[in-house]
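Asks: Got a sequence here, can you build the structure:
(4 chains)
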Number of protein chains: 2
Amino acid sequence: MFSKTCEYAIRAVIFIAQQTREGGRVSIKDVARGIDSPEHFIAKILQELSRKGLVQSAKGPTGGFYLDHASLQQSLADFVRAIDGDRVFSGCGLGLKQCSESHPCPIHHQFKSIRNQLMVMLETTQIGGFTRELEAKMAFLKQ
Amino acid sequence: MFSKTCEYAIRAVIFIAQQTREGGRVSIKDVARGIDSPEHFIAKILQELSRKGLVQSAKGPTGGFYLDHASLQQSLADFVRAIDGDRVFSGCGLGLKQCSESHPCPIHHQFKSIRNQLMVMLETTQIGGFTRELEAKMAFLKQ
DNA sequence: AAAATAAAAGAGTTTTTTATCTTTTATTTG
DNA sequence: CAAATAAAAGATAAAAAACTCTTTTATTTT
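Replies: So this is what the prediction gives:
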């Protein structure tokens, strides 16, 4: 569904949101440990999200990653789009380049319906909305 | 969603179903042309499906691929499973190995719902059920 | 100002996926 | 039986994705 990069990205950002909910920063090391991902790999990913303004960062001691008010309100869809592009939202289920309403693949309509639901789900879910569940250990970001 | 291999596989099998609806065989060359895929690549894929009994084949002149009665009734899900395994049906949206009802990732429940719909769709769609649409040019397997 | 900390950037490497090329085996037809 | 046809099998190559390592830059603390 998503690339590995994108899976890590989402987990990382949810983790950062949770860890910094009362201010503060979290280091790459801690993110990597917190979501059980390769450290240098998640570093690259956060670098890119940082460049695109979807996460915030600060260098030096006391530095690390965090999310400003705007970033906390970004939807999962925004992060998916930033990493995987809109392949997920608009690609053809059978890989046709020109698949469309007027030139549909055999499963175009069925797929559209399911993908729309996926899209609505991703668009309406804010990255900052998982803190409570994680806190209560009703949801997990690793293992 | 699906691997490229799986996309080609589904397109190929739908094509074979259509081309051989009144008996006969279709060659790899024709399949490759018919779905606009690399010839040797689709050959490999059909070879594997043939080994697994999901498509039928015959060597020599007048040989080629076709689908027996049972294969025509296989669902899309069967072909997806044969190529991509059940990753599509049961993998975690965020890539967690141990994601489950009792140890869910933050989007487990939302994902489950969408994936179930995908699964129902794939399970209830027979590979042989597209001939009419294709014939009427209301669906396409290439471009 | 020097030392320490932590992200950014750049340059690889490894693995997996996708694709190609060549040889072999089976079957049919003249 | 020889020639032709078509899939099966095996080996290799190219491209993309996933992951690692090293150096640089910015910031803070002493």
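
Asks: And the contacts of stretch A:74-81?
Replies: Residues from elsewhere that reach stretch A:74-81 (C-beta atoms under 8 Å, 6 or more residues apart in numbering or on different chains): A:2, A:6, A:9-10, A:13, A:49, A:54, A:88-89, A:119, A:121-127, B:107. In short, each C-beta sits where N, CA and C put it, glycine included.

Asks: 6 Å - rerun?
Replies: Stretch A:74-81 is touched from outside by A:6, A:9, A:10, A:88, A:122, A:123, A:125, A:126, A:127, with contacts defined as C-beta atoms under 6 Å, 6 or more residues apart in numbering or on different chains.

Asks: Pull the most distant pair out of those.
Replies: A:88 and A:126 (18.0 Å; C-beta to C-beta).

Asks: Averaged over its residues, which helix or strand of chain A has the lowest pLDDT?
Replies: helix A:87-90 (a mean of 93; mean pLDDT, DSSP states H and E).

Asks: near DNA strand C, which residues of chain A?
Replies: Within chain A, the positions near DNA strand C by C-beta under 7 Å from any atom of the strand are A:25-29, A:40, A:43-44, A:46-47, A:50-51, A:57-65.

Asks: Which of the residues you listed are buried? Put it as a PyMOL command.
Replies: Buried residues within the residues of chain A next to DNA strand C, by 16 or more other C-beta atoms under 10 Å in any protein chain shown, are selected in PyMOL with:
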select buried, chain A and resi 25+26+28+43+46+57+64+65
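
Asks: Sort out for me which of the residues of chain A next to DNA strand C are in helices.
Replies: A:28, A:29, A:40, A:43, A:44, A:46, A:47, A:50, A:51 (DSSP state H).

Asks: more crowded one of residue A:88 and residue A:126?
Replies: More neighbours surround residue A:88 than the other of residue A:88 and residue A:126, with 20 against 14 (other C-beta atoms under 10 Å in any protein chain shown).

Asks: what residues are up against that one?
Replies: Counting by C-beta under 6 Å, 6+ apart, residue A:88 touches residue A:80.

Asks: Could you list the contact residues of chain A toward chain B?
Replies: Within chain A, the residues that sit near chain B (C-beta under 6 Å from any C-beta of the partner chain) are A:7, A:10-11, A:14, A:94-95, A:98, A:103-104, A:106, A:110, A:114, A:117-118, A:121, A:130, A:139-140, A:143.

Asks: What about these, which are in helices?
Replies: Those of these mapping onto helices are A:7, A:10, A:11, A:14, A:110, A:114, A:117, A:118, A:121, per DSSP H.

Asks: would you turn the residues you listed into JSON lines with neighbour count?
Replies: Formatted as JSON lines, these follow (neighbours: other C-beta atoms under 10 Å in any protein chain shown):
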{"residue": "A:7", "neighbour count": "23"}
{"residue": "A:10", "neighbour count": "25"}
{"residue": "A:11", "neighbour count": "24"}
{"residue": "A:14", "neighbour count": "27"}
{"residue": "A:110", "neighbour count": "17"}
{"residue": "A:114", "neighbour count": "20"}
{"residue": "A:117", "neighbour count": "15"}
{"residue": "A:118", "neighbour count": "24"}
{"residue": "A:121", "neighbour count": "18"}
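
Asks: Validate this expectation: residue A:54 resides in a strand.
Replies: No: the assignment for residue A:54 (DSSP: H, G, I helix; E, B strand; the rest coil) gives coil, which keeps it out of a strand.
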